[in-house]
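S.K.: Build me a model from this:
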Amino acid sequence: MRYLLIVFLYSFFQVSPSFSQPNGEHSTLELISVFPESWSGDWSGTLEIFNGKGKVQSVEMALEIHKIDTSKEGRYTFGLVYGSKEQDWRPYELVPVASEKGIWKVDEKNSIVMESYLYGPKLLCWFVVQGSRVLCTYEKTADNTIVFEVISGMETAVSTTGNTKQAEEEIPEVKTFSCSVFQRAILYKK
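M.R.: Now for the predicted structure:
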């Protein structure tokens, strides 16, 4: 248990403190306080798809984030485009749940609505679909890009280790999961 606690504490304290950035850029706290307004716009770039052998595909992609002018307070479009709108248009919406706590939902407009969490400059959504674990992240950077990443692999553990006692220390069970695909795009504001 001590090892997991050390990993958690290391990760927790690696978060850099917020401070004002030069050239009028937003600090981490400012990005949170103005989300999703500071992310609004049309973003585009190239999505690169990798597996264990290297890059297997590239596809143009876009992300469209705009305030929706309706009675649904605080909703934004969160539309994804792969290739072109004729090929693959996903007109999702970003819905506030408890925005002061960083809790949002991505409404896919087809009965799928997934909780998403804003931590610092990153919006995270972690879900399981058809036997695969998927982690999607969107990160607004200080140089005014959005880095989109997807990590996916099977939901079933590939190994289980630990669950022993060494000397007087109880070693917890640790399950490892495969990563079968990694996708990444740097999106630039149009």
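S.K.: what pairs with the residue nearest to the spatial centre of the chain across the strands?
M.R.: Central residue of the chain (C-alpha atoms, centre = their mean): residue 137, 1.4 Å from the mean position. Assessed by DSSP bridges, residue 137 has beta-bridge partners residue 124, residue 149.
S.K.: where exactly do the helices run in this structure?
M.R.: Counting by DSSP state H, the chain has helices at residues 2-13, 28-33.
S.K.: For stretch 61-71, C-alpha coordinates in PDB please.
M.R.: The C-alpha coordinates for stretch 61-71 follow below in PDB (Å, rounded to 0.1, in the frame of the first residue of the first chain):
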ATOM      1  CA  MET A  61     -10.000  16.300 -37.400                       C
ATOM      2  CA  ALA A  62     -11.800  19.400 -35.900                       C
ATOM      3  CA  LEU A  63     -13.300  20.300 -32.600                       C
ATOM      4  CA  GLU A  64     -16.100  23.000 -32.600                       C
ATOM      5  CA  ILE A  65     -16.900  24.600 -29.200                       C
ATOM      6  CA  HIS A  66     -19.500  27.300 -29.100                       C
ATOM      7  CA  LYS A  67     -22.100  28.600 -26.600                       C
ATOM      8  CA  ILE A  68     -25.600  27.400 -27.400                       C
ATOM      9  CA  ASP A  69     -28.100  30.300 -27.400                       C
ATOM     10  CA  THR A  70     -31.000  28.500 -25.900                       C
ATOM     11  CA  SER A  71     -32.800  28.100 -22.600                       C
END
